[in-house]
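In: Turn this into a structure:
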Amino acid sequence: MNKQVVVIGGGPAGMAAAGKLQNFGYDVVLIEKKAEIGGHLNKWYKVFPDFTDASEITANLKSGLGKTRILNNTTVTQIKGSAPNFKVTVSTGEEIEAAAILVSTGFKHFDATLKEEYGYGIYDNCITSVELDAMLKAQSVKTRSGKAPKKVAMIHCVGSRDEKVNNNHCSRVCCTNAIKVAIEIKEQNPDCEIYCLYMDIRVFGRGYEELYRTSQEKFGVQFLRGRLSEAGEKNDGTLLLRLEDTLTAKPMRLTVDLLVLMVGMEGNSELAEVAGLKVGCDHFYTTAHQQYSNNASTQKGIFLAGAATGPKAIMESITDGRSAASEIAAFLLSAEASIQANSNGQLVTGIAV
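Out: The predicted structure is shown next:
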């Protein structure tokens, strides 16, 4: 039986899965549509809750790939056949045989221009969390005019938990990420005042609640439970925020030098039609069963990992990728045993005749 597995998506889940599958003795082809593997990790500065450098995580996962065949700048155009005899056609025209397929295509960020009231793409000093991370990585958090901001506001849940943009799901990591970057801004610019405008604070993971408390007690980050109704630009380039403090039910005004939109995760379901995968109401791929078969898709022999099935932190995506690798290995061992049993049965029948 063919012992080759195709992994589609070279982010943390895909790299973790590819490394583990190789350790299990399988040949792996890792397909990545970008010029470099690493996914969103390539954009990040540090990750929560321990502030590990994102480049360190990428390097660690890359070191485990060994002889994995990596196809960069490549997309999947067609999948034919069934397990364990898939034929995967890629954008270069090559056809790759695979006994199983792992889809680990991750997520895409919410398009902040859809929330016009916040002014992204209109006001110079309104940026996204992705752009902020790039500034932090370059050790240069500045306004468009090149000045270090004295006041920064971060808006939680931009594009998440929002019926108006058809994203009802929580993106899970945005609250903790806001807390992490707030601390990083304070470390690079201690005199800066940070305001986090939130719907609810959701810090669910190990060490996350402690990080939340530290941001307030040690770094003085201020949390306002409020809904931003409108942002307007003043003549000096600062932004006037009009909001409602939902704890006191009173209107507030806040002037800041930089407004950061914490954009949420959206499902990246571009392979749904190609691979015959189902997509849930949250726009992420549907698994075979949410409780006990969360790495299997609804298509036999095609598996799922990482943020392809919903918002996840980096550590969760890595763990989920390795879990998927184990599921694939078990599936292929079972398929091989079944083929061997059928082969032996046919041989015995032949002798008896």
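In: I'd like the distance from the longest helix seen in the chain to the chain centre, please.
Out: Looking across the chain with DSSP state H, the single longest helix is helix 314-352. How far helix 314-352 lies from its chain's middle: 29 Å, per CA atoms, centre = their mean, to the nearest Å.
In: List the buried residues in that helix.
Out: If you call a residue buried by 16 or more other CB atoms under 10 Å, then helix 314-352 has these buried ones: 314-325, 327-329, 331-332, 335. C-beta here means a position set from N, CA and C on the backbone, and glycine is covered the same way.
In: same thing with stretch 72-86?
Out: Quick answer for stretch 72-86 (16+ other CB under 10 Å): T74, V76, I79, A83, P84, F86.
In: likewise stretch 42-50?
Out: W44, Y45, K46, V47, F48, P49.
In: how close does the residue lying closest to the second one once chain neighbours are set aside get to Q188?
Out: Distances taken as CB to CB, 6 or more residues apart in numbering place K137 nearest to Y45, at 4.0 Å, with adjacent residues excluded. Applying CB to CB, to the nearest Å, the value for K137 to Q188 is 11 Å.
In: got it, and L228?
Out: 25 Å.
In: before we move on, what about V6?
Out: The value you get for V6 to Q188, if CB to CB is used, is 42 Å.
In: Comparing these two, which residue is more hemmed in?
Out: Applying other CB atoms under 10 Å to V6 and Q188 shows that V6 carries more neighbours, namely 27 against 14.
In: List the beta-bridge partners for that one.
Out: Assessed by DSSP bridges, V6 has beta-bridge partners V29, I101.
In: Let me see the contact set for it.
Out: V28, V29, I31, F86, V88, I96, A98, A100, I101, L102 (CB atoms under 8 Å, 6 or more residues apart in numbering).
In: Any chance of CSV for those residues, columns distance to N344?
Out: Shown next, in CSV, are the contacts of V6 (distance: CB to CB, whole Å):
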residue, distance to N344
V28, 29
V29, 31
I31, 35
F86, 25
V88, 30
I96, 30
A98, 25
A100, 23
I101, 28
L102, 30
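In: pretty sure K180 is in a helix, no?
Out: Yes. When DSSP: H, G, I helix; E, B strand; the rest coil is applied, K180 is found to be in a helix.
In: What is the burial count for it?
Out: Other residues close to K180 by other CB under 10 Å number 23.
In: For it, list the residues it contacts.
Out: Counting by CB under 8 Å, 6+ apart, K180 has contacts K46, V47, F48, P49, F51, L211.
In: again, but for G81
Out: Contacts of G81 (CB under 8 Å, 6+ apart): K87.
In: my read: M154 touches I194, true?
Out: Yes. Look at M154 against I194 with CB atoms under 8 Å: they come within range, at 7.1 Å.
In: Which residues are in contact with each of these two?
Out: Going by CB under 8 Å, 6+ apart, residues that sit against M154 and also against I194 are A182.
In: Since that was my last question, I'll sign off now.
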